[in-house]
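> Predicted structure and sequence below. I'll ask about it afterward.
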Amino acid sequence: MTDPRPQPSPPLVVSGARIVDPSRGLDAVGSVVVLDGRIAAAGPQALNQGAPEGAEVVDGRDLVVMPGLVDMRVFVGEPGHEHRETLASASHAAAVGGITTIVVMPDTDPAIDDPALVDFILRRARDTAIVRVHAMAALTKGLAGRETTEFGLLQEAGAVAFTDGRRAVASARVMRRALTYARDFGALVVHHAEDPELVGAGVMNEGETASRLGLSGSPREAEIIMLERDLRLVQLTGGRYHAAQVSCAESVSVLRAAKARGLDVTAGVAATHLTLNELDIGAYRTFFKLSPPLRSEDDRRAMVEAVADGIVDIVVSSHDPQDVETKRHPFADAADGAIGLETLLAAGLRLVHAGDLGLSRLVEAMSTAPARRLRLEAGTLAPGAPADLAIVDIGAPWIVREADIVSRAKNTPYEGARFQGRVVRTVVAGRTVHTYAHG
């Protein structure tokens, strides 16, 4: 775990704001007081003792204060592909989006499968990043899916979970061994549930739209079968498991049944899969080529409902920067992935404004729930907690423009999109790391 570079910061008071803190079931008008990098008070009675001497006082009318977001699926290029994204550039993009903690994937060059590499990431982030950075370590050596890594040593070095990132572990035997081994360390296995054999040459959701575009389809069963296999193995081993991304209605049914059986399972969904569908691909637009692929509108609606009722626990950006050379190809040949740190909250707020999701549930899925699943000291405005928070004008309109994107890569599926809801200040450990003049 890395803390941003410690610098003394004056006390901060945000008064008269709507405070949304799902960790305490709080959604009320009140104030937030930050002292010595921690939350001193947050709620309707927070200013009963008055503002601390020398505090900066922010008028919170028409603003929402929420715990800083915790994004548990972020790909960066460091080490090996720094031209796509560095820990520094990703942290700045995160701050713009109200994200105060990012959890980076091991899909680097070399892969993060050794304690020294975990240490490198955390030290590098400590020196260059402006938000908190944690690392997941590789589940298997070299992300090859054949031999598990040394979970105990990697956890000791600071790894918060184990995953092969974009890759699925095809071997049920290896996955069983990984879940058993992780269980002994109380570690979390995070898996990309998508059977590579069934995906085959598929490049978008299998169905009528793919046929019309003349593109090879990837069936929903590639996700469903792998998820079902994994959950059977969780039952067999008693391991802790998180499906990194789910995207279709039947996966929700599978998860619901597993949770009913009392299994220690959670699941995430990318903001893109909550707000976009396969029709958005349009004229072969490669920024919409994702893994798992964008699904049908029925699947999208099912995912939104699953987040609303808590069967899908967590919403992630799945930030995956690609350079121009990997995206400027025919659709079938282009790399998968889209950036998402700067648009994560705004995309989620689309669902809030549409009445599909309550604001408190959205904040829980983007902050409190991932922090809880990864056992991080984050995702809360409780007194004594680190002062990691986002101040948001949820009614502020804005348009996504390439020139304004902070990430090194520009492969956003939301270019030109109109959003309502902008982060006006991001605070990490009591220190302001991003401001946006509003009003």
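Structure's in. What do you need? Residues are numbered from 1 along each chain as shown.
> CA atoms for contacts and neighbours, from now on please.
Fine.
> Would you mind pulling the contact partners of stretch 424-435?
Applying CA atoms under 8 Å, 6 or more residues apart in numbering, the external contacts of stretch 424-435 come out as 3-4, 7-9, 11-12, 34-38, 68, 95-96, 98-100, 130-132, 386-393, 423, 436-438.
> which parts of it are buried?
424-434 (16 or more other CA atoms under 10 Å).
> Now intersect the contacts of stretch 424-435 with the strands, please.
12, 34-35, 38, 99-100, 132, 389-393, 423 (DSSP state E).
> Let me know the closest of these to I339.
I99 (13.9 Å; CA to CA).
> Please report how far the closest residue to that closest one other than its chain neighbours lies from V160.
Spatially, and ignoring its direct neighbours in sequence, I99 is nearest to L69 (4.2 Å; CA to CA, 6 or more residues apart in numbering). As judged by CA to CA, to the nearest Å, L69 and V160 stand 17 Å apart.
> just for the chain, where's the confidence low?
Applying pLDDT under 70 to the chain flags the ranges 1-8, 438-439.
> Walk me through the domains of it.
12-65+386-435, 68-373 (automatic domain parsing).
> before we move on, the earlier item: more neighbours: L69 and V160, which one.
Using other CA atoms under 10 Å, the more surrounded residue of L69 and V160 is L69, with 32 against 21.
> Take the domains of the chain and write them to TSV, including distance to T380.
As requested, the domains of the chain are exported to TSV (distance: least, CA to CA, whole Å):
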stretch	distance to T380
domain 12-65+386-435	6
domain 68-373	6
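> Ok, which of those domains comes nearest G379?
When the domains of the chain are ranked by proximity to G379 (CA to CA), domain 68-373 comes first, at 4.1 Å.
> Return the distance of the closest one from the chain's centre.
Its chain's C-alpha centre and that of domain 68-373 lie 8 Å apart, by CA atoms, centre = their mean, to the nearest Å.
> go on, stretch 28-47?
The answer for stretch 28-47 is 26 Å, by CA atoms, centre = their mean.
> For the stretch 151-300 of the chain, just list every one of the strands.
159-163, 188-191, 204-205, 217-218, 240-243, 265-270 (DSSP state E, counting those that start in this stretch).
> do you know which of those strands lies nearest L359?
strand 265-270 (16.9 Å).
> Check which residues of the closest one are buried.
Buried residues in strand 265-270, counted by 16+ other CA under 10 Å: 265-270.
> May I ask which two of the buried residues of stretch 424-435 are separated the most?
V424 and A429 (16.8 Å).
> All the strands of the stretch 1-150 of the chain, in order from the start?
12-21, 26-35, 38-43, 56-59, 64-67, 69-74, 99-104, 132-138.
> any chance of those in a markdown table, with distance to L154 too?
A markdown table is the format used below for the strands of the stretch 1-150 of the chain (distance: least, CA to CA, whole Å):
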| stretch | distance to L154 |
| --- | --- |
| strand 12-21 | 32 |
| strand 26-35 | 34 |
| strand 38-43 | 29 |
| strand 56-59 | 41 |
| strand 64-67 | 28 |
| strand 69-74 | 18 |
| strand 99-104 | 14 |
| strand 132-138 | 7 |
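> quick one: which of the ones you listed is nearest G186?
strand 132-138 (14.4 Å).
> Regarding stretch 83-91, how distant is the last residue from the first?
One end of stretch 83-91 sits 15 Å from the other (CA to CA).
> In that stretch, which residues are buried?
For stretch 83-91, a neighbour-count test (16+ other CA under 10 Å) marks 84-91 as buried.
> Tell me the one of those nearest E278?
R84 (25.8 Å).
> returning to that earlier point: just the buried ones among the contacts of stretch 424-435, please.
Buried among these (16+ other CA under 10 Å): 3-4, 9, 11-12, 34-38, 68, 95-96, 98-100, 130-132, 386-393, 423.
> Next one: the residue nearest to A258 when sequence neighbours are not counted relative to E221, how far apart?
The shortest distance from A258 to any non-neighbouring residue, by CA to CA, 6+ apart, is to L231 (6.9 Å). Using CA to CA, L231 is found at 15 Å from E221.
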